[in-house]
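J.: have a look at this prediction, sequence included:
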Amino acid sequence: MMSIQTSRFGEINVSEDTFLIFPTGLVGFPAVQEFVVLDVAEDCHYQWFQAIKEPNLALIIIDVHLLDPEFPVEVSDEAIEELEITAEDPVLIMAVVTIPSGQPDRATANLRAPLVVNLRTRKGKQLILHESIPLHFPLLPEVESAQSEATAVKETASV
């Protein structure tokens, strides 16, 4: 076990065999390469993606297949080689969640830049997918639809 300092959870102990290594870091954080996934609660689909050496860097993540069971991820041959992925390897694909301050009902997941992890090697990479993939996929689509309808009604009323 190793003790790490976090800004959200204080000092916590994590097993080094749970570390995920991102050799090229993340977009915006190329030098940050070691992370650990922390569960929020047993029955929660969200998790924390905590940087090992950067206490202030923790992202909320969610498995993309919980949002879209048919989520199409085309991993390049280069990424497959980099992550040492074989046909038998379990691969985890997570999306980073953004929650606007004071508006949790407007939370979105970034499906365009998923985190892909080979669970056998514990190596990961952030992919950048085609721009047709949503950058801000609403986590509560019914709220998004209701807000869109309210905007449409408001615009119609002001004509």
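T.: Cool, got the structure. Because the structure is predicted, anything quoted here is derived from the model rather than measured. Numbers count the residues shown, from 1 in each chain.

J.: check contacts around residue 14.
T.: 1, 2, 4, 36, 38, 52 (Cβ atoms under 8 Å, 6 or more residues apart in numbering). (C-beta placed from N, C-alpha, C; glycine too.)

J.: gap between the helix or strand where residue 35 lies and the chain center?
T.: According to DSSP states H and E, residue 35 maps onto strand 34-39. Its chain's C-alpha centre and that of strand 34-39 lie 11 Å apart, by Cα atoms, centre = their mean, to the nearest Å.

J.: note down every partner strand of that strand and its orientation.
T.: Listed by DSSP bridges, the sheet partners of strand 34-39 and their directions read strand 20-21 (antiparallel), strand 46-51 (antiparallel).

J.: take those and lay them out in JSON lines including mean neighbour count.
T.: As requested, the strands paired with strand 34-39 are exported to JSON lines (neighbours: other Cβ atoms under 10 Å):
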{"stretch": "strand 20-21", "mean neighbour count": "17"}
{"stretch": "strand 46-51", "mean neighbour count": "19"}
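
J.: now for those, which one comes closest to residue 8?
T.: With distances scored as Cβ to Cβ, the stretch of the strands paired with strand 34-39 nearest to residue 8 is strand 46-51 (7.2 Å).
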